[in-house]
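[1] Need the 3D shape of this:
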Amino acid sequence: MTVTDKFEVLLYCKIYTDTYPTLRGEATGEELYNFLIASCGHAFDGDTMLEGDLNIWYLGCNEKFGEIHYKDKVWKWGHYESSFANVFALVNAVYKDGHFTDTQYVMLLSKIMEAVLEFNDMYHMVDYLRHKRDNIPWVNTEGVARQEEFKKLVSDSKEN
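    Below you'll find the model as predicted:
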């Protein structure tokens, strides 16, 4: 497998009034990577859109339901069941199959880690992005629990 080979993929989650930009059909690793790190365009500070609300983040912390399909692998979740474990599993599977470069893989893992450690809830994302934009220190009130969740996520992946 190479980063230019196409594979079947579906990335979907319901946010707000079903406005997540679903990726469905055949894609290359580059196309999937670009989708995952693209700004979703749903984080607003008043009337101003905040850049950086990544598609990958909504897959891991939306409040409703969604699903990820990669080749024959499927991850589905219901209301309040989204998890970065699903996103992490997708990124690992695609990387192990040779569809992501090392640089892409590291960037995606860093974006997953950023979300898990900094907000891990789509409704905290706006505050996080506002603080980041304005260079104001961000205090994650859920930090300790989320750090433990991320440690378990990494530990579980090493066993697979």
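[2] ok, now which ones touch residue 87?
    56, 59-60, 68, 112 (CB atoms under 8 Å, 6 or more residues apart in numbering). (C-beta placed from N, C-alpha, C; glycine too.)
[3] for the lengthiest strand in the chain, packing partners?
    The single longest strand within the chain, with elements called by DSSP state E, is strand 7-13. Here strand 7-13 touches strand 23-27, helix 29-37, helix 55-61, strand 66-70, going by 3 or more CB pairs under 8 Å, 6 or more residues apart in numbering; DSSP states H and E.
[4] any idea how far that strand is from the chain center?
    13 Å (CA atoms, centre = their mean, to the nearest Å).
[5] Give the buried residues for it.
    The neighbour-count check on strand 7-13 (16 or more other CB atoms under 10 Å) flags 7, 9, 11-13 as buried.
[6] Next one, pLDDT for the residue nearest the centre of the chain please.
    Against the mean C-alpha coordinate of the chain, by CA atoms, centre = their mean, the closest residue is residue 56 at 2.4 Å. Looking at residue 56, its pLDDT is 96.
[7] Before I go, just wanted to say thanks for your time.
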